[in-house]
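Asker: next come a sequence and a model predicted from it.
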Amino acid sequence: MSKPSIPQGTRDFSPAEVRRRRYILDTLQALFELYGFAPLETPSMENLVTLTGKYGEEGDRLIFKILNNGLHEKKEDDKAKLNAEWDKLLSRPYSTPVVTERALRYDLTIPFARYVVMHQSELSFPFRRYQMQPVWRADRPQKGRYREFWQCDADVVGSTSLINEAELLGIYRSAFAKLQIPVTIKINSRKLLAALAELCGMPDKMMDITVALDKLDKIGWVGVAKELQERGITDEGIWQIEKVINVTGTNDEKLLAYSDIMQNSPAGIAGINELSKTLAYYRELGFRNWGSGAENWEPRTDNILVDISLARGLNYYTGVIVEVVCSHPDVKMGSIGGGGRYDDLTGLFGLKGLSGVGISFGIDRIYDVLEELKAFPEQLAEGTVAMLVNFGGENEIYALHILSQLRTAGIAAEIYPDPAKFDKQMKYANKRAISYVLLPGDEERLQGKVSLKNFISGQQQLLSVEECIKMIKS
RNA sequence: GAGGUUGUAGCUCAGCAGGUUAGAGCAUCAGAUUGUGGUUCUGAGGGUCGAGGGUUCGAGCCCCUUUAGCCUCCCCA
């Protein structure tokens, strides 16, 4: 027999881990609901054609494909068909429909777009939904990167108002305040990146500029300039870009400076307006009491930063884009959330002119950050609160009755199922970190009582079941 | 796709310059202790040293091949 193992890039979650993960998910879910978003779930697998071509060249490669059923039934016809496809397979590493026509979900946005198009007649727009489900990528796993991981998205489709952007930023603000993670929310607009390309006189080079610029905080300006040169940007263009990224100051000051530099670019002006309007809405969203003054803001741990070097990989974003990073100095972690506006997402599936904007939480990374900051609430560890020792015989039945009463009172309780040695039962309770142990033995049963032992203090007393319940609950 | 690194008991790892029968801690089980846990003490079980080949009188250690995990780059969450 071989050693048991799990596929590369997947993980088991222990009871303690599941509790902590649920804490994150529950926190986010409560906020999504509070902000008026509706839950949605889609299948783990989609038709392959739904997914291919949506995530860029690299993306197609990283889709997990599912082998078609029935390939093992070696009918002569099928064999012939398979052989015919084999050559195609060899010449092109991509799959043919004979071998695979389904694939595992790669993200939550495309399935959402597919859902919206399929159910457009039933939905009322603007449609706000949230979705928390696992996704799969055939990527090479590394630290903080898995082949199976959870995404947690909230999107609005069917509205171009920047209030949506501001609301989503508000969710970020509330969420990270609740989770007690200090964050920087970087914000930019694809339109500014387009304007930047115009400024260089090379509007068709926007993607190249974007990709290079995205690495600014990693490789510095010198590295970026080098990459820009390799990507065929002229020296004049590079100089223009340098001028823009060298702008410093508050968000307002930056936007003001950009509007000066980009005054001849319609895209640039549009982008700047987009950002300043979003930020203005966002400010107003933080108020608690109308008209009671600036002191009454929602508590927050975030800091919003206009950052023109922010790019984000996905190529369907068209307007505002955001990315969240933990700003605690001890935490070295990539982005823990991101999102943006896509003007025509559902157009891919034939429904034109529907604009959407969404955000995503990287809950695996949020988990790691909380772990590092030791910011998980203490009481999450608690499972079973009380355990009944099993003394066998009549005592066993007596114990079951007590067990039932404890549970009715809302106390998480269990009985040791076997009348094992006392010592063994106590050790079990200790290892499980159970706070109370109840001893229903002969002496106790005859008095209609039970001994309650507090496993933290070690103290023990003889009580009625009602008194026990009271004691445990206090 | 490119590179680096590791693989020895269920888990975490030792292992001398190639030299008898491969070790420790934790975990498991049993006992000191059939109604009092955490920290003790005693004992026991458990290994094709990732796999295959080669060098050698002799390989866990050296060489080749292979495989799996982890990490870095690319890209991303």
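Answerer: Structure's in. What do you need?
Asker: any weak-confidence spans in the stretch 51-200 of chain A?
Answerer: A:70-82, A:84-96, A:98 (pLDDT under 70).
Asker: near RNA strand B, which residues of it show up?
Answerer: A:56, A:58, A:137, A:139-147, A:149, A:151 (C-beta under 7 Å from any atom of the strand). C-beta here means a position set from N, CA and C on the backbone, and glycine is covered the same way.
Asker: okay, and which of those map to helices?
Answerer: A:G56, A:E58 (DSSP state H).
Asker: now, which of the residues of the stretch 51-200 of chain A next to RNA strand B lie within strands?
Answerer: Counting by DSSP state E, those place A:F149, A:Q151 in strands.
Asker: buried among the residues of the stretch 51-200 of chain A next to RNA strand B? Make that a ChimeraX selection.
Answerer: Burial among those is assessed by 16 or more other C-beta atoms under 10 Å; the matching ChimeraX selection reads:
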select /A:137,141,146,147,149,151
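Asker: measure the closest residue to RNA strand B within the stretch 151-300 of chain A to A:A311 for me?
Answerer: Closest contact between the stretch 151-300 of chain A and RNA strand B, by C-beta to the nearest atom of the strand, is at A:V211 (5.6 Å). Counting by C-beta to C-beta, to the nearest Å, the gap from A:V211 to A:A311 is 7 Å.
Asker: neighbour count: those two, which is higher?
Answerer: Neighbour count, other C-beta atoms under 10 Å: between A:V211 and A:A311, A:A311 has more, with 22 against 14.
Asker: run through the residues that contact that one.
Answerer: A:N188, A:L193, A:T210, A:V211, A:L213, A:D214, A:I321 (C-beta atoms under 8 Å, 6 or more residues apart in numbering).
Asker: looking at those, which are in strands?
Answerer: A:N188, A:I321.
Asker: and the contacts of A:A311, which is closest to A:R114?
Answerer: A:R114 lies nearest to A:I321 out of the contacts of A:A311, by C-beta to C-beta, at 22.4 Å.
Asker: tell me, how many residues neighbour the closest residue to A:K65 other than its chain neighbours?
Answerer: Leaving aside its chain neighbours, A:K65 sits nearest to A:T100 (4.3 Å; criterion: C-beta to C-beta, 6 or more residues apart in numbering). Using other C-beta under 10 Å, A:T100 is surrounded by 17 other residues.
Asker: ok, of the contacts of A:A311, which come out buried?
Answerer: A:N188, A:L193, A:T210, A:L213, A:D214, A:I321.
Asker: quick check: the farthest pair among those?
Answerer: A:L213 and A:I321 (12.4 Å).
Asker: let me see the ranges of the strands in the stretch 151-300 of chain A.
Answerer: Counting by DSSP state E, counting those that start in this stretch, the stretch 151-300 of chain A has these strands, from start to end: A:183-189.
Asker: show me where it has its helices.
Answerer: A:162-178, A:190-199, A:206-213, A:216-230, A:235-245, A:251-261, A:266-285 (DSSP state H, counting those that start in this stretch).
Asker: okay, those helices, which one's buried deepest?
Answerer: helix A:190-199 (a mean of 24; mean count of other C-beta atoms under 10 Å).
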